[in-house]
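Participant: Pasting the sequence and the predicted model now:
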Amino acid sequence: MSAPIKIQYLKGIGPAKAKLFERLEISTVQDLLHYYPRTYQDRRLNTPPNEYNAEALTIFKGRVLRTQQIPARSVLVFKAVLEDEKGQQLECTWFKKRPYRAFRFDPFGQIKKDFHLNNEVWVIGRKNDRGAMFARQITVEEYYVAADALTQLHAGRLTPIYGLTEGLTNKQFRQFMYEALQSSNPADEPEILPPALLQKRRLLTAPQALKAIHFPNSLAELESARARLAYEEFLLLATAWGIKRTQTKILAKDYSYEVKKTLLTPFRTQLGFTFTNSQKKVINEIFSDLLSPRPMNRLLQGDVGSGKTVVALCAMLLAVENGYQAALMAPTEILAEQHYLTFKRMLAGLDVNLAVLTSSTKAAEKKKILKGLADGSIHILVGTHAVIQDNVAFHNLRLAVIDEQHRFGVKQRSKLKEKTAKLDLLTMTATPIPRTLALAFYGDLDVSTLSELPPGRQPILTECATSKLAYDRVREEVQKGRQAYIVFPLIEESEKISAKAVTEEFEKLKKVFPQFRLAVLHGQMKQEEKEKVMADFAAHNTDILVATPVIEVGIDVKNATVMVIENAERFGLASLHQLRGRVGRGEHASYCVLVPQHAGSVARERVDIICATRDGFKIGERDMQLRGPGEILGTRQSGELEFKAGDIFKDQAILHWATQDRDEILSADPGLVKPEHALFRRKLQELYQQNWHLIDLS
């Protein structure tokens, strides 16, 4: 395989334009060839409607009958009338702004040259009825002379539309892409898939797929090309995770656990509730992993309120009663502090030393924590990314728990593992991952699911309303002796963001509810203040808690029956679902009232979804569709799930093929050492070296 050709050496580009391509992360001709269209326009004549037909777009091919330049005060106008082979006519119009000074050149010079009498042209434009002399008139966006050789790239076909940067046009991009395809050496695009797989799945070859994804001759050919490229993407990543799983399973721990119950028994006794059957099952799965000679690598998923935190704490207590340390890493200071407070409350009276470490931890306190971690006197550390800083050293860390795992990249999870030679890892998510995706992209993880809520949980009526109606609901419930949350997205007013802020709104709400006891809670308060506010609310010394999303997790007040979320459009689906889960925890009927201020189509869709369902799996899947899989699965930061051709929802069948074929390949050839897998293995190595950091194929 020859060395990659730099993009500047492609005909027509040069050093200046190469800098424009660098903005798109295109530095070689191969990069360009693998920069796929973001969509297509069906510019064929007389084709039935399909997903690539723009409703307002007109495609016309005809001879020039006459032209006319029309003088006007503010704009210059040029018109041309075309007639096609069926005798249908179309009036085409161009507009140019009149400059302050007279033109030294004719702004319509090239158009006049191309639209001479009887010349055949293609025009692409949108309907324009202003001052139309004909029933059919368009404002021209693009035109191409039929006799020009490159017109075939832009008109009369399924035309690729690329994501661009300023300084490049789609016309230029298509021509450069065509040049790249013409000049590329087939050896530079080797077929990495074994012939048996191509035949089994009836896939195009790599060169065929690459040509067809850019310049398809039909919708069927386009779909075949996309399916081939999507399959390759899915198979590569699924295989990487499969190898990772095998590598993880062959490791052996040099430490062991024993269920001593010195901490677990008193902990369960003082909890005040019994575990659900689902919690018992998952705890047994986790304990089985911990007691095994291989390191645990398990994903714990469960809906809001299903009890993931107490399950994780059981595992951490097993580590502590065996003389080991445990750490929990959360993505934000708010979440870390909430977990710390929850643990502190649940472990009251037990001989367990806790600490919380975030970027806001003061220097003196941080020094004390680092010393306690190093000498082993701190048993459980709760923290943010601060936990994986180089200066954080543990005495004998053996169990790590990562909460909201999708908000950490693969590299960050790996860095936590580097804190000790061997480590048991439990990752948690309240955004359930569809089973197909879990099998494909968490191939190195065992998956446990909390499938039921604790008994006594009440259904939550979710509705969209105005602030007035929401506050009427709050007033009604508090008068019954219940409590309420009112959540705002910001701490202080912002000039840049139009959203209600908790500090200003708290003062207003004290006037709205003068007869009730109100308190405010946000992330910038001191830790002692937060603890007091939450303790007062739990003890019913406060009726209404006005807060930021600081209450998204860790709050369990059974008497709270109303959750009002102001500026609901500013919250993601997962956050809305988490916040709603703060109510409905007791015996009383509960309500979640969403109060949008300005809702665009996507924001409105989020609100509608939350109102329509409480099913965390459905919400998680829709969230993934709205935000993209990279963000949900925690891979966007490291680049390994940014599919160019594949769509994990549209291509479920292809995804199933890939995971099925992955299993067959690794079963027959675990090390990918057979000749037919040589190029596939090399591609995996390249991806590993670039950004995956998932597997070791050395």
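Facilitator: Sure thing, it's come through. Every value quoted in this text rests on a predicted model; they were computed, and no experiment measured them.
Participant: E337 and L357 touch, don't they?
Facilitator: No - E337 is beyond contact range of L357, at 10.6 Å (criterion: Cβ atoms under 8 Å). (Glycine included, C-beta is placed from N, CA and C.)
Participant: that's a strand at T93, yeah?
Facilitator: Yes - counting by DSSP: H, G, I helix; E, B strand; the rest coil, T93 is part of a strand.
Participant: Look up how far T151 lies from it.
Facilitator: Distance from T93 to T151, counting by Cβ to Cβ, to the nearest Å: 21 Å.
Participant: likewise Y40?
Facilitator: Distance from Y40 to T151, by Cβ to Cβ: 17 Å.
Participant: Then V75?
Facilitator: Distance from V75 to T151, by Cβ to Cβ: 28 Å.
Participant: and those two? which has more neighbours close in?
Facilitator: Ranked by neighbour count (other Cβ atoms under 10 Å), V75 and T151 place T151 first, with 18 against 12.
Participant: which residues does that one contact?
Facilitator: T151 makes contacts with 122, 144-145, as judged by Cβ atoms under 8 Å, 6 or more residues apart in numbering.
Participant: try 6 Å
Facilitator: Y144 (Cβ atoms under 6 Å, 6 or more residues apart in numbering).
Participant: same check, this time on the one 4 residues further on
Facilitator: If a contact means Cβ under 6 Å, 6+ apart, then A155 has 43, 122, 144 as its contacts.
Participant: what about the residue lying closest to it once chain neighbours are set aside, is that helix, strand or coil?
Facilitator: Of all residues not flanking A155 in the chain, W122 sits nearest, at 3.8 Å (Cβ to Cβ, 6 or more residues apart in numbering). At W122, secondary structure determined by three-state DSSP is strand.
Participant: Can you tell me the number of residues neighbouring W122?
Facilitator: 21.
Participant: mind listing what it touches?
Facilitator: Shown in contact with W122 (Cβ under 6 Å, 6+ apart): 61, 144, 155.
Participant: 8 Å - rerun?
Facilitator: 43, 59-61, 143-146, 151, 154-156.
Participant: Among these, which are located in strands?
Facilitator: 59-61, 143-145 (DSSP state E).
Participant: now the stretch 551-698 of the chain, which segments are flagged as low pLDDT?
Facilitator: Counting by pLDDT under 70, the low-confidence segments of the stretch 551-698 of the chain come to 552-554, 598-603, 617, 620-621, 624-642, 688-698.
Participant: in it, which spans are helices?
Facilitator: In the stretch 551-698 of the chain, the helices defined using DSSP state H, counting those that start in this stretch lie at 573-580, 601-612, 616-627, 629-632, 652-668, 678-687.
Participant: And the stretch 351-500 of the chain, by the same measure?
Facilitator: 363-375, 410-417, 435-441, 467-479.
Participant: which of the helices of the stretch 551-698 of the chain is buried the deepest?
Facilitator: helix 573-580 (a mean of 24; mean count of other Cβ atoms under 10 Å).
Participant: Number of residues surrounding Q110?
Facilitator: Q110 has 10 neighbouring residues, counting by other Cβ under 10 Å.
Participant: cool, the one 3 residues further on as well?
Facilitator: By the criterion of other Cβ under 10 Å, K113 has 11 neighbours.
Participant: which residues touch it?
Facilitator: So K113 contacts nothing (Cβ under 8 Å, 6+ apart).
Participant: measure it to A3 for me?
Facilitator: In terms of Cβ to Cβ, K113 sits 43 Å off from A3.
Participant: now swap in Q270 and tell me
Facilitator: In terms of Cβ to Cβ, Q270 sits 67 Å off from A3.
Participant: Same check on L354?
Facilitator: Distance from L354 to A3, by Cβ to Cβ: 56 Å.
Participant: Settle it for me: which of these two has more neighbours?
Facilitator: L354 (15 against 7).
Participant: And the pLDDT for N170?
Facilitator: Listed pLDDT for N170 reads 94.
Participant: actually T420, not the one I typed
Facilitator: Looking at T420, its pLDDT stands at 68.
Participant: Just name the shakiest helix or strand of this protein by mean pLDDT.
Facilitator: Every helix and strand in the chain was compared by mean pLDDT, DSSP states H and E; the lowest is helix 629-632, with a mean of 48.
Participant: excluding its backbone neighbours, what's nearest M346?
Facilitator: Per Cβ to Cβ, 6+ apart, closest to M346 is L313, 6.4 Å.
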